[in-house]
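Novice: Sequence and predicted structure below; questions after.
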Protein chains: 2
Amino acid sequence: MRFTAEVKVMLKDGISDPQGQTIERALPALGYTGVGEVRVGKRIELKLDAEDADDARAKVEDLCDRLLANTVIESFEVEIS
Amino acid sequence: MRFTAEVKVMLKDGISDPQGQTIERALPALGYTGVGEVRVGKRIELKLDAEDADDARAKVEDLCDRLLANTVIESFEVEIS
């Protein structure tokens, strides 16, 4: 069966997020107040063949560990549909 | 009230996605087959003050139009919680 996976890769708590900080610094000049805790990560969509949803999840988690995320500084979440 | 927003920014259909293509090309060498249609985008989390969920959504969508997404080549989705 063909599954669709959505992978969210975010920097772990405590890891400096320069992209998020840059966005936060730009907001007041654009007139936005009350916006904070901006964190920027990656979102990856892919399709894969697998026997069932559990198999698909296992494959995508393995792929995250090996290629899509740097697990030293990033955490990931996988959703299968 | 304080809301949490999740923003998904993806390249529009038909826009070339070099990051996704690079991941796809790397997969066979890592032993993965049957994986395709890889698309890489951004995921942005932020917190903001707003009167209600509709107000929060309107603010974040405005922010996407102005700063977070390049709407010429990217589309975005906003989830408020």
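Specialist: Structure received.

Novice: Every contact and neighbour count from this point should use C-alpha atoms.
Specialist: Will do.

Novice: Shouldn't A:Arg57 be within a helix?
Specialist: Yes - checked against DSSP: H, G, I helix; E, B strand; the rest coil, A:Arg57 lies within a helix.

Novice: Select the longest strand from chain A.
Specialist: Assignment by DSSP state E gives strand A:35-49 as the longest strand of chain A.

Novice: which bits of chain A sit near chain B?
Specialist: A:8, A:34-49 (Cα under 8 Å from any Cα of the partner chain).

Novice: how many neighbours does A:Asp49 have?
Specialist: Neighbour count of A:Asp49, defined by other Cα atoms under 10 Å in any protein chain shown: 17.

Novice: With A:Thr33 instead?
Specialist: 12.

Novice: Kindly report the same for A:Arg25.
Specialist: 11.

Novice: Contact partners for it?
Specialist: Counting by Cα atoms under 8 Å, 6 or more residues apart in numbering or on different chains, A:Arg25 touches no other residue.

Novice: Give me the phi and psi angles of it.
Specialist: phi -70, psi -30 (degrees, to the nearest 10).

Novice: So what's the predicted local confidence for the nearest residue to A:Leu11 once chain neighbours are set aside?
Specialist: The shortest distance from A:Leu11 to any non-neighbouring residue, by Cα to Cα, 6 or more residues apart in numbering or on different chains, is to A:Glu74 (4.3 Å). pLDDT, A:Glu74: 97.

Novice: next one: A:Pro18
Specialist: Looking at A:Pro18, its pLDDT reads 96.

Novice: ranges for the helices of chain A?
Specialist: A:18-26, A:53-63 (DSSP state H).

Novice: highest average neighbour count across those helices?
Specialist: Ranked by mean neighbour count, those are led by helix A:53-63 with a mean of 17 (mean count of other Cα atoms under 10 Å in any protein chain shown).
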